[in-house]
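Peer 1: A predicted structure for the sequence below; I have some questions about it.
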Amino acid sequence: MINAELARIFDRIADLLEISGANPFRIQSHRRVSRTLKDLTDDVANLAEQGRLAKLPGVGKSSVEKIKEYLAVGKVPLLEELEAKLPAGLPDLLRIPGMGPKTIALAHHELGVGSIDDLKAAIESGRLAQLPGLGKKSVERIAGGIEFLAGSAGRTRLGVALPMAERLLEQVRKITGARVAQLAGSLRRGAETIGDVDILCEGDDGKAIIAQFVGFPQVSRVLAAGETKGSVTVITPDGNELQIDLRVVPARSFGAALQYFTGSKQHNVRLREIAVKRGLRLNEYGLFDGETVLAGEREEEIYVRLGLPCPPPELREDRGEFDPELARRKLLTLEDIRGDLHLHTLASDGRNTVEEMAVAARARGYKYIAITDHSRSSTITNGLTAEQLLEHLQAVREADRKVQGIEILAGTECDILSDGSLDYPDEVLAQCDFVVASIHLGMTKGKATPTERTLNAIANPWVTVIGHPTGRLINERAAMDIDIGKIIEAAAGNHTALELNASWSRLDLKDTHARQAIEAGVKLIIGTDAHSADSLGQMRYGVSTARRAGATCADVLNTRPVPAFKKWINKKRGL
Ligand code: DGT
Ligand code: CA
Ligand code: CA
Ligand code: ZN
């Protein structure tokens, strides 16, 4: 959609202004417009036609001009000017953890750094460390940041890839001659990032199906268009290229192809070994005994014929899924979720009221939610002082009385401060029905280590759950340097849950950590951290991550009915 494209342009302008050392207000106003565009549900082109652009929050006269300009000629002059002034590789530097716009400007002016490669060279030659305000430590951080960025290069986050892939899948299903179509690959396995999207389709005339596929309107480049396989790219809302592979296979081998292209590669290698041991041959066309076909039409048959249970796709990572206990485990599903327990509202940095969040949650079939706005130290998120919180708790309880059919718990997302203490005193926390404790501030330089801080929070009798325990942002920021084993052990010993934050930019705990927690008997709570009613839909990413961890209903507290859930919370509180 044009909204996303325009949002990207405003973000890019803000980035370039920031590097050029422009007025902070000017930078912020462009970011604000970008955010408004991202949240917009109407097409910005329609709004422009109706003359309603200026009514949008944060959109002033000059922004209206830029939007109109772009709609008319596909360009924004200011962006072109800024780009002409600065080397094209400079904005990429902003994505490196540890590199702020000031440092970028400095490295650019003093050392002529204009790209990530230049920056690497400046680090190696030791010139970067000699710049004023930079030292060995910060240069080490930057070098680590470059490495982190390289590790995430080319991978698209699940929550970006899945909605795009689902739309494409619908389009493939409508192609004449395409009978059944399904997602395969890492996307079907619910992995946190996706290298490319794999779609599998059953049909006889591969060439004709692929010809239509490569002609889809959102295709930006056609990489290949053959008899059985087509590859294209599309542009994601965050401006990156995402590759989509479509394979067309006949009905007799659809199941074998689905098994093969779902992977993972390690899972397939292991499965083929098992086949070979049984004197059989397995490939993407079927399972064979000599020339005899044992299975191929249906995926499950492949496993059955090998004498194995068919593990859910999320488990197929060669992490123990050939063990019958794990393969047969009844994993959690989205339908099992009865509540969302990490929600922000207008009271801090959310965009909807308590009632709006409750009504939207009820429409999803939930029986309860917890409102958990930020605490006072999170000033950039408009965190609440103790007094404001107490008032807010009243308002939440008022809303609970008003909205029927769903229970609203009055909670907080209380910061764990850099010395390990909590942002509210115990008497205030005791007033909340539900407490998420999270680290947001001073992740790299607290007085206490992140592990010590988390252990302190776990020891607090009023803390129900630790929010996004490692603090990572997928593709953007590495996890804090914490000892997850110690945290899991303490959570198990102190009747404290760990969050599996379902926001696709976090997915924290991640799958392997969540599995470790489950194995230690720790209960998980899956919360979306939604800042608007729309984001409640992120629950599914948390659920697929939990499935990858091997979670059943029993492992996840927000599958329980309200009374059982409350009983669990209140045990730690001695109530
Ligand atoms: P991605 O795209 O990097 O997120 O991960 P996948 O798992 O989607 O991998 P992709 O797209 O390269 O290939 C799709 C599936 O095809 C993969 O999960 C397993 C299968 N596959 C690909 N290459 C091989 C291979 O060399 N050996 C075997 N046994 N299977 C493979
Ligand atoms: Ca793939
Ligand atoms: Ca692929
Ligand atoms: Zn948080």
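Peer 2: Nice, I can see it. What you see is a predicted model, and the numbers here were worked out from it, not measured in a lab. Residues are numbered from 1 along each chain as shown. Ligands and ions are numbered 1, 2, ... in the order given.

Peer 1: residues touching the closest residue to T228 other than its chain neighbours, list them.
Peer 2: Ranked by Cβ to Cβ, 6 or more residues apart in numbering and with sequence neighbours excluded, the top spatial neighbour of T228 is G206, at 4.6 Å. In this view, the C-beta of every residue, glycine as well, is placed from N, C-alpha and C. By Cβ atoms under 8 Å, 6 or more residues apart in numbering, the contact set of G206 is 226-228, 248.

Peer 1: Quick check on these: which are buried?
Peer 2: V248 (16 or more other Cβ atoms under 10 Å).

Peer 1: which stretch of helix or strand covers H392?
Peer 2: Under the criterion of DSSP states H and E, H392 resides in helix 386-402.

Peer 1: Need the pLDDT of the residue nearest to the spatial centre of the chain.
Peer 2: Closest residue to the average C-alpha location of the chain: W504 at 1.3 Å, with Cα atoms, centre = their mean. W504 is assigned a pLDDT of 97 by the prediction.

Peer 1: buried stuff in the helix or strand where V232 lies?
Peer 2: Assigned by DSSP H and E, V232 belongs to strand 229-235. Buried residues in strand 229-235, counted by 16+ other Cβ under 10 Å: 230-235.

Peer 1: same deal with stretch 44-61?
Peer 2: Residues 44, 47-48, 53, 56, 59 are the ones in stretch 44-61 that count as buried (16+ other Cβ under 10 Å).

Peer 1: ok, so of those, who is nearest R547?
Peer 2: V44 (36.8 Å; Cβ to Cβ).

Peer 1: Could you double-check that the closest one sits in contact with E5?
Peer 2: No. Using Cβ atoms under 8 Å, V44 makes no contact with E5, being 9.4 Å away.

Peer 1: and this structure, which of its residues are near ligand 1?
Peer 2: 185-186, 191, 194-196, 198, 260-261, 263-265, 268-269 (Cβ under 6 Å from any ligand atom).

Peer 1: circling back to that earlier point, now, among the buried residues of strand 229-235, which is nearest to ligand 2?
Peer 2: S231 (11.1 Å; Cβ to the ion).

Peer 1: how close does Q394 get to R362?
Peer 2: 21 Å (Cβ to Cβ, to the nearest Å).

Peer 1: If you count surrounding residues, which of those two has more?
Peer 2: Between Q394 and R362, counted using other Cβ atoms under 10 Å, R362 has the larger neighbour count: 17 against 12.

Peer 1: residues making contact with the strand holding V232?
Peer 2: Contacts to strand 229-235, defined as Cβ under 8 Å, 6+ apart, come from residues 164, 168, 210, 213-214, 216, 218-225, 241-248.

Peer 1: Can you give me the buried ones in stretch 520-527?
Peer 2: Neighbour counts using 16+ other Cβ under 10 Å place 522-527 of stretch 520-527 among the buried residues.

Peer 1: Over to stretch 265-279?
Peer 2: Using 16+ other Cβ under 10 Å as the burial criterion, the residues of stretch 265-279 that qualify are 267-268, 271, 275.

Peer 1: who touches stretch 563-575?
Peer 2: 338-339, 368, 430, 433-434, 461-462, 464, 494-496, 523, 557-558, 560.

Peer 1: Among those residues, which are located in strands?
Peer 2: The strands, defined by DSSP state E, take in 339, 368, 434 from those.

Peer 1: May I have the predicted confidence score for the first one?
Peer 2: Pointing back at G339 there. Predicted confidence (pLDDT) for G339: 98.

Peer 1: now the second one
Peer 2: Residue-level confidence at Y368 comes out at 98, pLDDT.

Peer 1: still on that earlier bit, TSV for the buried residues of stretch 265-279, including pLDDT, secondary structure and distance to A564?
Peer 2: As requested, those are arranged in TSV below (pLDDT from 0 to 100; DSSP: H, G, I helix; E, B strand; the rest coil; distance: Cβ to Cβ, whole Å):
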residue	pLDDT	secondary structure	distance to A564
H267	98	helix	36
N268	98	helix	41
L271	97	helix	39
A275	97	helix	44
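
Peer 1: ok so, going back, ok, of the contacts of strand 229-235, which come out buried?
Peer 2: For the contacts of strand 229-235, buried by 16+ other Cβ under 10 Å: 164, 168, 210, 213-214, 216, 219, 225, 242-248.

Peer 1: What count of nearby residues applies to N475?
Peer 2: 20.

Peer 1: Check K68 too.
Peer 2: Close neighbours of K68, defined as other Cβ under 10 Å, add up to 12.

Peer 1: show me the contacts for it.
Peer 2: Contacts of K68 by Cβ under 8 Å, 6+ apart are 48, 53.

Peer 1: What helix or strand is it located in?
Peer 2: helix 61-73.

Peer 1: and the angle from the next helix or strand after that helix to helix 61-73?
Peer 2: Elements were assigned by DSSP H and E; along the chain past helix 61-73, the next helix or strand is helix 77-85. Relative orientation of helix 77-85 and helix 61-73, computed by axes from the mean of the first three to the mean of the last three Cα atoms, to 10 degrees: 80 degrees.

Peer 1: Identify the residues contacting the next helix or strand after helix 77-85?
Peer 2: Moving toward the C-terminus from helix 77-85, the next helix or strand (DSSP H and E) is helix 90-93. Helix 90-93 is touched from outside by 12, 15-16, 19, 99, 104, 107-108, 113-116, 119, with contacts defined as Cβ under 8 Å, 6+ apart.

Peer 1: hmm, try it at 7 Å
Peer 2: 12, 15-16, 19, 99, 104, 108, 114-116, 119 (Cβ atoms under 7 Å, 6 or more residues apart in numbering).

Peer 1: So which residues on this protein come close to ligand 3?
Peer 2: With Cβ under 5 Å from the ion as the criterion, the chain meets ligand 3 at residues 196, 198, 245.

Peer 1: Please repeat the previous calculation with a cut-off of 6 Å.
Peer 2: 185, 196, 198, 245 (Cβ under 6 Å from the ion).

Peer 1: Farthest-apart pair in those, please.
Peer 2: G185 and D245 (8.0 Å).

Peer 1: and for those two, which residues touch both?
Peer 2: With Cβ under 7 Å, 6+ apart as the test, G185 and D245 both reach 197-198.

Peer 1: And the furthest pair within the buried residues of stretch 265-279?
Peer 2: H267 and A275 (12.7 Å).
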